[in-house]
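> coords please:
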Amino acid sequence: MDMEKRYTFEDLQQIIRRLRGENGCPWDKVQTHESLREAMLEEAYEAVDAIEKKDNANLCEELGDVLLQVVFHAELAKEEGAFDMTDVTDGVCRKMIYRHPHIFGTAQADTPEAVLENWEALKKKEKNTKTQTEAMRKVPDALPALTRAKKVQKKAAEVGFDFYEAGGAMEKVLEECAELTAEFTGNFEAQEEEFGDILFALVNVARFLKINPEFALTKATKKFINRFEYVENSALSEGKQLSEMTLEEMDLLWKKAKKNARPK
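Residues are numbered from 1 along each chain as shown. Model prediction:
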């Protein structure tokens, strides 16, 4: 490896071709679109994690990993005769020009909201979506469930099928909670369905409050881990293991963790 050289996008393509070539890497040579699905998701999540942590050095690295996945899939497609990297870049350039008529055409869009409204209308026309149900079904199944729910709800709201305000959405959450409680002695399928309804209703509340449910749950999980760490460290400082403590004793430490976490 030449440590002085600044490698380019073309170099990356050449590297992937060599890895996939006759005398290439045994692992890279057997990969398929399907085998790389998990890696594509993981790399995207790791890039988002770097953004959340405001870690520019890590973000640079993770964007490279995302780009690697894009180039790898394009090379696989080229080998199959489906498309190549030029088709990928040509397609996305055409899409960006088409969906920004206020920049590349004569349309008007003076606010971010107007831009998004135009974007969705053009996307619907471009994909030949005739009904709102079709638009909902085209929201990818592979998205995280909370994100997919939010996108589907947004599609419903576009045609006015929505609560008037967050209070109405919250009432639905309470209604669904009562229905789940009523199923505590019921069968698993009914409990699962009612639990799903609660999550869906909570996503609706998040949408009204302009909260990203994925990010909110991620932060809540991180907060739980931090408070759990306080509980465990407190127990260890007293010479105790959590497994040896009662729930009541651990709960007292948990309440202390919450109190210490509050802003002064």
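> in contact with Leu143, which residues?
Leu143 is in contact with Lys151, counting by C-beta atoms under 8 Å, 6 or more residues apart in numbering. From N, CA and C alone the C-beta is placed, and that goes for glycine too.
> rerun that using 10 Å as the cut-off
41, 149-152, 214 (C-beta atoms under 10 Å, 6 or more residues apart in numbering).
> likewise Glu194?
Glu194 makes contacts with 176-184, 186, as judged by C-beta under 10 Å, 6+ apart.
> picking up where we left off before, drop anything exposed from the contacts of Leu143.
Among the contacts of Leu143, the ones that count as buried by 16 or more other C-beta atoms under 10 Å are 149-152, 214.
> need the max-distance pair from the residues you listed.
Using C-beta to C-beta, the two most remote members of the buried ones among the contacts of Leu143 are Val152 and Glu214, lying 14.4 Å apart.
> rewinding a little: among the contacts of Glu194, the buried ones, what's the ChimeraX command?
In ChimeraX, this line selects whichever of the contacts of Glu194 come out buried by 16+ other C-beta under 10 Å:
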select :176,177,180,183
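> need the contacts of Glu194 in JSON lines (columns: secondary structure and pLDDT).
Listed next are these as JSON lines, based on DSSP: H, G, I helix; E, B strand; the rest coil; pLDDT from 0 to 100:
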{"residue": "Glu176", "secondary structure": "helix", "pLDDT": "97"}
{"residue": "Cys177", "secondary structure": "helix", "pLDDT": "97"}
{"residue": "Ala178", "secondary structure": "helix", "pLDDT": "96"}
{"residue": "Glu179", "secondary structure": "helix", "pLDDT": "96"}
{"residue": "Leu180", "secondary structure": "helix", "pLDDT": "96"}
{"residue": "Thr181", "secondary structure": "helix", "pLDDT": "96"}
{"residue": "Ala182", "secondary structure": "helix", "pLDDT": "94"}
{"residue": "Glu183", "secondary structure": "coil", "pLDDT": "94"}
{"residue": "Phe184", "secondary structure": "coil", "pLDDT": "93"}
{"residue": "Gly186", "secondary structure": "coil", "pLDDT": "83"}
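> distance of Met85 from His73?
Plainly put, Met85 is 9 Å away from His73 if you go by C-beta to C-beta, to the nearest Å.
> common neighbours of these two, please.
Counting by C-beta under 10 Å, 6+ apart, the residues touching both Met85 and His73 are Ile16.
> which SS state does Asp2 fall under?
Classification of Asp2 by DSSP: H, G, I helix; E, B strand; the rest coil places it in coil.
> and it, what pLDDT?
With respect to pLDDT, Asp2 scores 71.
> residues near it, how many?
By the measure other C-beta atoms under 10 Å, the count of residues near Asp2 is 6.
> check which helix or strand Ala82 maps to.
Using DSSP states H and E, Ala82 maps to neither a helix nor a strand.
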